[in-house]
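Student: got a sequence here, can you build the structure:
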Amino acid sequence: MSADLALATAAPLRQPQPGTDRAASALTDPAAILAQVDAITARDLVPLVRAIDAEGLYPEDVMRAYGAAGAYVRHLPAPGGVMDLDTTIAAMTRAGRECLSTAFCMWCQSALGWYIYNSDNTELHETLGPQVASGAVLGGTGLSNPMKTLFGIETMKLKATPVDGGFTLRGSLPWVSNIGPDAWFAVIAEIPEGARAGQRVMMLLHGSGAGVKLAANDHFVALEGTRTFSVQCRDAFVPAAQVLADPINAYVPKIRAGFILLQSGMAFGMIEGCIALMEQVRGPLGHVNQHLPDQPEHFAEKLAALKAEVGALTKTPYDLSDAYFARVIRARLAAGDLAVNAAHNAMLHCGARGYVTHGAAQRRLRESYFCAIVTPATKQLRKMLADMGETA
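Tutor: From the prediction side, this is the model:
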């Protein structure tokens, strides 16, 4: 990472260097991309899964390899992308079958690209965008607090003060994932006073930016291998070149459906992985597992229906109608619920062999709850529907 990019000063973001813009070369047909993702998963990710879970290992090489294969580019509304959210979701699903931590990091990376290429800041399309799309630069999304704030659950934690050439930020975010000293991530801040009081701005921060401090304060029961940090901003300067939307009024409705739909890949992978665990013990334990009310084929049937609904929704991610957004929310809610139920049943089907320290079933059960609590969480999704006068 060059010094000018890492410092995140008012200087323009550097242009992609030869060899770093791998997105274009990765643009083969979806089947070829997913075949590469499958190969990377089997060869490079599977041997790391226990260390990711038990030791908090971040699979950086795997994340970059997925990027080189084209896992983060097909959904982008830009040169090199074809607005194909389905392939990006399917790539996440491939990783999520084995490891939800990695699938979640893939979502963070894909969401960052989604923000950049949906922004009117065309300079970012030419500089940082291709590097994020190719995995040459890794990054995440600090939108948990803003997403809750926009729906009346929290208040905005970051405050922005307009200054010459950009903004200064103060405040902190408790958890931002897939980041580090060399990573970029998106945040939303509110202007607290002055002529623009109450307006909100979305921008990019760098992990080593002046006034930006990362700290690892908490440990989770799962998802430890996601490079999740708290972010503290102490008069952090953000140049205009790093602003995604000012104000955010029209921009957030544009990105919200894609933000939520892309999360489907995490849940789909979890559900497929749990179906596989149930199938694995059908031989030795099928004579007794047959008495459990939920069988792997039941989950496969529900998953197929859910994939069909998400596939229909991904065709029109810029539909701003309430009816469409309610369908998006319901699909996301169903995905989280089915992921938790599938993991619960995988544990029941595996029995004691899934309850040991290295048992896959207990790991998947711990991971599955993340599908239900990651923003927007199950309870927020239900609140969103209620606020719209809809039922879950």
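
Student: contacts and neighbour counts: CA atoms only from here.
Tutor: Noted.

Student: so for the chain, the centremost residue is which one?
Tutor: Nearest to the geometric centre of the chain sits Trp107, at 2.7 Å (CA atoms, centre = their mean).

Student: low-confidence ranges, the chain, go.
Tutor: By pLDDT under 70, the weakly predicted segments of the chain are 1-28, 79-80.

Student: what segments of it are strands?
Tutor: In chain order, the chain shows strands spanning 139-141, 158-163, 166-176, 184-190, 200-206, 212-215, 229-239, 243-245, with DSSP state E as the criterion.

Student: so what does the last one touch, helix or strand wise?
Tutor: Contacts defined by 3 or more CA pairs under 8 Å, 6 or more residues apart in numbering; DSSP states H and E place strand 243-245 against strand 200-206.

Student: just the strands of the chain: most buried one?
Tutor: For these, average neighbour numbers computed from mean count of other CA atoms under 10 Å are highest in strand 139-141, which has a mean of 27.

Student: now for the strands of the chain, which one comes closest to Ala343?
Tutor: Closest approach to Ala343 among the strands of the chain is made by strand 166-176 (24.8 Å; CA to CA).

Student: quick one: the closest one to chain centroid distance?
Tutor: The chain centroid and the centroid of strand 166-176 are separated by 19 Å, computed with CA atoms, centre = their mean, to the nearest Å.

Student: can you list contacts of that strand?
Tutor: Residues from elsewhere that reach strand 166-176, judged by CA atoms under 8 Å, 6 or more residues apart in numbering: 140-142, 145, 157-162, 189, 228-240.

Student: let's see that with 6 Å instead.
Tutor: The contact list for strand 166-176 (CA atoms under 6 Å, 6 or more residues apart in numbering) reads 142, 157-161, 228-240.

Student: who's sitting farthest from the centroid in the chain?
Tutor: His287 (39.5 Å).

Student: remind me, longest helix of this structure?
Tutor: Secondary structure assigned by DSSP state H gives helix 322-350 as the longest helix of the chain.

Student: what's that helix packed up against?
Tutor: Helix 322-350 makes packing contacts with helix 264-280, helix 360-373 when contacts are defined by 3 or more CA pairs under 6 Å, 6 or more residues apart in numbering; DSSP states H and E.

Student: ranking the ones you listed by burial, who's on top?
Tutor: Mean neighbour count, computed with mean count of other CA under 10 Å, is highest for helix 264-280 among the helices and strands packed on helix 322-350, reaching a mean of 26.

Student: how far off centre is it?
Tutor: Mean-position distance between helix 264-280 and its chain equals 18 Å (CA atoms, centre = their mean).

Student: tell me the helices and strands packed up against that helix.
Tutor: The contact analysis (3+ CA pairs under 6 Å, 6+ apart) places helix 264-280 against helix 85-96, helix 322-350.

Student: how much space between the residue farthest from the centre of the chain and Ala361?
Tutor: To Ala361, His287 is 19 Å away according to CA to CA, to the nearest Å.

Student: could you do Lys383 as well?
Tutor: For Lys383, the distance to Ala361 (CA to CA) stands at 31 Å.

Student: next one: Ala32
Tutor: From Ala32 to Ala361 the distance is 30 Å (CA to CA).

Student: surely Gly207 and Ala183 touch.
Tutor: Yes. Proximity of Gly207 to Ala183 meets the contact threshold set by CA atoms under 6 Å, at 5.4 Å.

Student: so what's Thr375 closest to, chain neighbours aside?
Tutor: Spatially, and ignoring its direct neighbours in sequence, Thr375 is nearest to Ser144 (5.6 Å; CA to CA, 6 or more residues apart in numbering).

Student: next, count neighbours for that neighbour.
Tutor: Around Ser144 sit 19 other residues, with neighbours defined as other CA atoms under 10 Å.

Student: likewise Ala32?
Tutor: When neighbours are defined as other CA under 10 Å, Ala32 has 14 of them.

Student: and it, how far from Ala91?
Tutor: Following CA to CA, the distance that separates Ala32 from Ala91 is 11 Å.

Student: and Arg256, by the same measure?
Tutor: Between Arg256 and Ala91 the distance is 20 Å, computed by CA to CA.

Student: repeat for Phe104
Tutor: In this view, Phe104 and Ala91 are 11 Å apart by CA to CA.

Student: Arg330 too?
Tutor: Counting by CA to CA, the gap from Arg330 to Ala91 is 22 Å.

Student: now Gly166
Tutor: Distance from Gly166 to Ala91, counting by CA to CA: 36 Å.
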